[in-house]
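K.L.:
Sequence and computational prediction follow.
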Amino acid sequence: MIPARNEAGILSACLPSLLAQQYAGRLSVIVVDDDSSDSTAKTAAELGEAPGTHELMVVSARPTPDGWAGKVWAMSEGVRAAVSTAGTESAGSDGEYFLFTDADIAYSPGTVERLARSAAGGQFALVSQMALLRTGNRAERLLIPAFVYFFAQLYPFRRVNKGSRTAAAAGGCVLVRADTLAAAGGLAKISGARIDDVALGRLVKHAGGRIWLGLTTDVVSRRPYHRLADIWDMVARSAYTQLGYSLPLTVATIVALAWLYVLPPVAAVAGLAMLAAGNPVATASLPTGLWLAVSGLVGWLVMSVTYLPMLRFYGLSPLRTPSLPLIAVIYAAMTADSARRHHMGRGGEWKGRVISPRGSRLPDATTEGDGR
């Protein structure tokens, strides 16, 4: 099911890939029009009329109740429509799955079948694949791989996939067992979640379900980020939420980014400068300079090595690895801006909608375009 708010422009690039999936069982696609002001519903309905496609249902979400985040409510409306269509006897029964995806996500042929087989074969209650994001321009190539890298640092996939308490999911592609979701209390349990994918992963795992999270090239996001400002808004929209609206934790995060990613190159440059300034007569600074240079360069090398697999995954040059400190500075600034926006009453703004920390809708913001 696809919650869609003002997505008419991108649906035609993504929805057909889901409608045309080869799937042995029954596959129904539900697009939930989340109070769009464009032709989202009409565009989706027209795409569903193409021959040889799976059943498509377009539903209009009812007004978002207080206490619900808009996207989670739209997801809930999709579940409601699925249950209503399937009937009370089979809806949510053993072996059925809900696939939560986004309007900008395209699927390679056979992906949904492989997802379902992986979930059933591994007895997973939730299987999520992080979509391959765009790296078509300079801003995307600089910042997008690092976005996934930092996400994986925050939620290590190995810990997520094992019996630890760490839980997460990637909202672009989340396959969850219907009966497990119902047993966990349903989406009402995460009604106010702004970061709905992580909240859903936690809900399922804490209810005893096994979850799996990984990377893939079979699920692709078509959403472009044309400018640095677009990526900045994407991160700043949710960073403060991820940090629990805690100013001390935000400060600690920024300090940690500086300590881990900025301090090593600064130390390396400072040490090399001290060595270059040394002379045969006054050599007292040489041991200090040498220690700074070596430790800084080693730290820089270690972080670069950890970043290299992500660059390879995105098909980018390994020569980009030394840029990670600069990227960390940018992400630290985005995090600080996220806190600033929240305290100015603009936290979580998306497509003209602002969500309060507890999830209730604030009056629609007056914005141009889609609010990004």
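P.N.:
Yes, it's here.
K.L.:
so which strand or helix has Gly244?
P.N.:
Take DSSP states H and E as the rule and Gly244 turns out to sit in neither a helix nor a strand.
K.L.:
now it: how far from Ala328?
P.N.:
Separation of Gly244 from Ala328 (C-beta to C-beta, to the nearest Å): 21 Å. The C-beta positions use only the backbone N, C-alpha and C, and glycine is treated the same way.
K.L.:
what do you get for Ala277?
P.N.:
28 Å.
K.L.:
Looking at the two, which one has more neighbours?
P.N.:
Ala328 (21 against 11; other C-beta atoms under 10 Å).
K.L.:
Can you list the residue ranges for helices in the stretch 51-200 of the chain?
P.N.:
With DSSP state H, counting those that start in this stretch, the ranges of helices along the stretch 51-200 of the chain come out as 70-86, 111-121, 138-154, 157-160, 178-183, 196-206.
K.L.:
Let me have those helices in JSON lines, extended by mean neighbour count, mean pLDDT and distance to Ala236.
P.N.:
Listed next are these as JSON lines, based on neighbours: other C-beta atoms under 10 Å; pLDDT from 0 to 100; distance: least, C-beta to C-beta, whole Å:
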{"stretch": "helix 70-86", "mean neighbour count": "21", "mean pLDDT": "90", "distance to Ala236": "17"}
{"stretch": "helix 111-121", "mean neighbour count": "17", "mean pLDDT": "94", "distance to Ala236": "31"}
{"stretch": "helix 138-154", "mean neighbour count": "18", "mean pLDDT": "96", "distance to Ala236": "12"}
{"stretch": "helix 157-160", "mean neighbour count": "16", "mean pLDDT": "95", "distance to Ala236": "25"}
{"stretch": "helix 178-183", "mean neighbour count": "19", "mean pLDDT": "94", "distance to Ala236": "30"}
{"stretch": "helix 196-206", "mean neighbour count": "23", "mean pLDDT": "95", "distance to Ala236": "17"}
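K.L.:
now for these, which one comes closest to Tyr261?
P.N.:
Closest of the helices of the stretch 51-200 of the chain to Tyr261 is helix 138-154, at 9.8 Å (criterion: C-beta to C-beta).
K.L.:
send the alpha carbons of stretch 176-183 over as PDB?
P.N.:
Presented in PDB, the C-alpha positions along stretch 176-183 are these (Å, rounded to 0.1, in the frame of the first residue of the first chain):
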ATOM      1  CA  VAL A 176       5.100  -7.200   7.500                       C
ATOM      2  CA  ARG A 177       2.900 -10.100   8.400                       C
ATOM      3  CA  ALA A 178      -0.600  -9.000   8.800                       C
ATOM      4  CA  ASP A 179      -1.300 -11.300  11.800                       C
ATOM      5  CA  THR A 180       1.800 -10.200  13.600                       C
ATOM      6  CA  LEU A 181       1.000  -6.500  13.100                       C
ATOM      7  CA  ALA A 182      -2.500  -7.100  14.500                       C
ATOM      8  CA  ALA A 183      -1.200  -9.000  17.500                       C
END
